[in-house]
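Engineer: Here is my input; please provide its structure:
(4 chains)
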2 protein chains.
Amino acid sequence: MKTIKKYSQIQQYIKKRIQTGVYPINSYLPSENEICEKFNTTRTTVRKALDELLREGFIEKEQGKGSKVIERRKSLGLLTVKGFSGATDYKVKTKLTQAPKITDWDPIIVFGLTREEQKSKCVYFQRIRHINGKPVVLENNWYALNAMEIIKPTEFIEGSFFKTLSQKYFIEIMGAEQELRSIPATAEIAKSLELAEGEPILHISVRFRTSKPGFNLYGDLYCNTSEYPIRNTYFS
Amino acid sequence: MKTIKKYSQIQQYIKKRIQTGVYPINSYLPSENEICEKFNTTRTTVRKALDELLREGFIEKEQGKGSKVIERRKSLGLLTVKGFSGATDYKVKTKLTQAPKITDWDPIIVFGLTREEQKSKCVYFQRIRHINGKPVVLENNWYALNAMEIIKPTEFIEGSFFKTLSQKYFIEIMGAEQELRSIPATAEIAKSLELAEGEPILHISVRFRTSKPGFNLYGDLYCNTSEYPIRNTYFS
DNA sequence: AAGTGGTCTAGACCACGCG
DNA sequence: GCGTGGTCTAGACCACTTT
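Structural biologist: Have a look, this model is predicted:
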């Protein structure tokens, strides 16, 4: 992919303007014909760009009216840690306990890797999420180096990998598959999460699909759910 | 929409042929140009049809090769129990251990009920899912009686509540919220699932949203994940 | 009536996979 | 080299919303 595709340029241009508030939520984008003029192209190409933004959940279209900027369903399908009683007075902090580094794939990954991924080295990093000072989630992540460059710790926006992907690379999470298990904490996990060995913890294996073809993010999570359950929302 | 759109016709035609096995999984569809000829149209229209099938998860495209029929991702967003090693030789049987009956709401439901729901009595039923003869999931369900009539056990299609809703009432599941916890099995749960008290099990509280306004289905599930993890897929 | 998005035509050239 | 899908042009007409 040497030359940047035109529809992709338009898509990124508009996405940036949405993210920076130039096109606020509930406002309408310029009409397709106006965008055509601006980028000196045809409606087919502009519509392709808008279709992508639609798929990514940034806009919705209203026939006869225009393309409307909508609030991107946050944490679409993403796991969120939720205070038990709906209390909002808890603080989540994410510590990067292993900065992104290049390694081999870990056989713990339960989802089948594609051939492209198998051929590649992978990037690994680890984080621990703390709630009100207590470690609650230990999160291991991997992705294929040939699908996505290595992201430096300094690039992380608010400790969030997804936010970094979206705002710096214009990559969105499109979906996920999970496997859930309840297991007794191993000695190692127990130590990281400051609980007793054998305590029941939630093990989540997850594959996130992104809007960048071939780029998947694999996760292996251990959650102490005794105080804070994991919450999970999805809509079709 | 009086006239049926051409791309929609093509889409349905191909979808039916996939579903009936005329185009088997892993085979390739006719090329875009061939489809153009058959339907006497242009590639733009054919590609629109294929894009829809791509979005619906029926095909994937391989540049330079063709459009390949793939296994449709099952039960969008719904929980599925999956054999560990990808083995497909396991049998799931659902036993209705408590037929739908009218009761009061159970305070165990963690998601806030709407005012309409609170005013109503509710329908409760319980099922146990068995895999290869072993009980694996204990599932309690509730819904508001004023949102949906009581469904008799004899109406259940293949033991599936969702299938019944879809096929008899044309109600679809539109989304869900879940809370996940790993807990030790209580004596009661242990007995139902034939395991030792204190074994780690997965507790899922879920609210399913349906296409019928005001009709939510609440679930409280206990899963023995030691052999069969719970799998969970969602896409936007 | 004017403007918007939705569908569709009839081409063109390019990038990729394979023999 | 050939066939495949991927991108793009330059139009046309239709359906819908608003003025």
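Engineer: Looks to me like A:Gln11 is in a helix.
Structural biologist: Yes: secondary structure of A:Gln11 (DSSP: H, G, I helix; E, B strand; the rest coil): part of a helix.
Engineer: Now do the contacts for it.
Structural biologist: By Cβ atoms under 8 Å, 6 or more residues apart in numbering or on different chains, the contact list for A:Gln11 reads A:Ala49, A:Leu50, A:Glu52, A:Leu53, A:Phe170. (Each C-beta comes from the backbone N, C-alpha and C, glycine too.)
Engineer: 7 Å - rerun?
Structural biologist: Applying Cβ atoms under 7 Å, 6 or more residues apart in numbering or on different chains to A:Gln11 gives the contacts A:Ala49, A:Glu52, A:Leu53.
Engineer: Could you export these as JSON lines, including secondary structure and neighbour count?
Structural biologist: Shown next, in JSON lines, are the contacts of A:Gln11 (DSSP: H, G, I helix; E, B strand; the rest coil; neighbours: other Cβ atoms under 10 Å in any protein chain shown):
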{"residue": "A:Ala49", "secondary structure": "helix", "neighbour count": "24"}
{"residue": "A:Glu52", "secondary structure": "helix", "neighbour count": "20"}
{"residue": "A:Leu53", "secondary structure": "helix", "neighbour count": "22"}
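Engineer: Next, the spatially most central residue of chain A: phi, psi?
Structural biologist: Nearest to the geometric centre of chain A sits A:Phe162, at 3.7 Å (Cα atoms, centre = their mean). In terms of degrees, to the nearest 10, the main-chain angles of A:Phe162 are phi -70, psi -40.
Engineer: wouldn't it be in contact with A:Ile173 here?
Structural biologist: Yes: between A:Phe162 and A:Ile173 there is a contact at 6.0 Å, judged by Cβ atoms under 7 Å.
Engineer: how far away is A:Glu60 from B:Gly64?
Structural biologist: 34 Å (Cβ to Cβ, to the nearest Å).
Engineer: Tell me who's in contact with A:Phe156.
Structural biologist: A:Leu96, A:Thr164.
Engineer: pLDDT wise, what is it at?
Structural biologist: We have a pLDDT of 86 for A:Phe156.
Engineer: Same check on A:Ile102?
Structural biologist: 94.
Engineer: Which secondary structure elements does the strand or helix carrying it sit against?
Structural biologist: Here A:Ile102, judged by DSSP states H and E, is contained in strand A:92-103. Where contact means 3 or more Cβ pairs under 7 Å, 6 or more residues apart in numbering or on different chains; DSSP states H and E, strand A:92-103 is packed against strand A:122-131.
Engineer: Is the strand it packs on positioned near chain B?
Structural biologist: No: between strand A:122-131 and chain B, judged by Cβ under 7 Å from any Cβ of the partner chain, nothing touches; the nearest distance is 14.6 Å.
Engineer: Specify the angle between that strand and strand A:92-103 in degrees.
Structural biologist: Calculated by axes from the mean of the first three to the mean of the last three Cα atoms, to 10 degrees, strand A:122-131 forms an angle of 160 degrees with strand A:92-103.
Engineer: Average pLDDT for strand A:122-131, rounded please.
Structural biologist: The model assigns strand A:122-131 a mean pLDDT of 91.
Engineer: And the helices in chain A?
Structural biologist: With DSSP state H as the criterion, chain A has helices at A:6-19, A:32-39, A:43-55, A:115-119, A:161-169, A:187-192.
Engineer: Kindly reformat these as CSV containing mean pLDDT.
Structural biologist: Shown next, in CSV, are those (pLDDT from 0 to 100):
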stretch, mean pLDDT
helix A:6-19, 92
helix A:32-39, 94
helix A:43-55, 93
helix A:115-119, 77
helix A:161-169, 84
helix A:187-192, 94
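Engineer: Next, format those helices as JSON lines and append distance to A:Lys68.
Structural biologist: Output for the helices of chain A, formatted as JSON lines (distance: least, Cβ to Cβ, whole Å):
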{"stretch": "helix A:6-19", "distance to A:Lys68": "11"}
{"stretch": "helix A:32-39", "distance to A:Lys68": "13"}
{"stretch": "helix A:43-55", "distance to A:Lys68": "11"}
{"stretch": "helix A:115-119", "distance to A:Lys68": "37"}
{"stretch": "helix A:161-169", "distance to A:Lys68": "20"}
{"stretch": "helix A:187-192", "distance to A:Lys68": "45"}
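Engineer: near DNA strand C, which residues of chain A?
Structural biologist: A:1-3, A:28-29, A:31-34, A:43-44, A:47, A:61-67 (Cβ under 7 Å from any atom of the strand).
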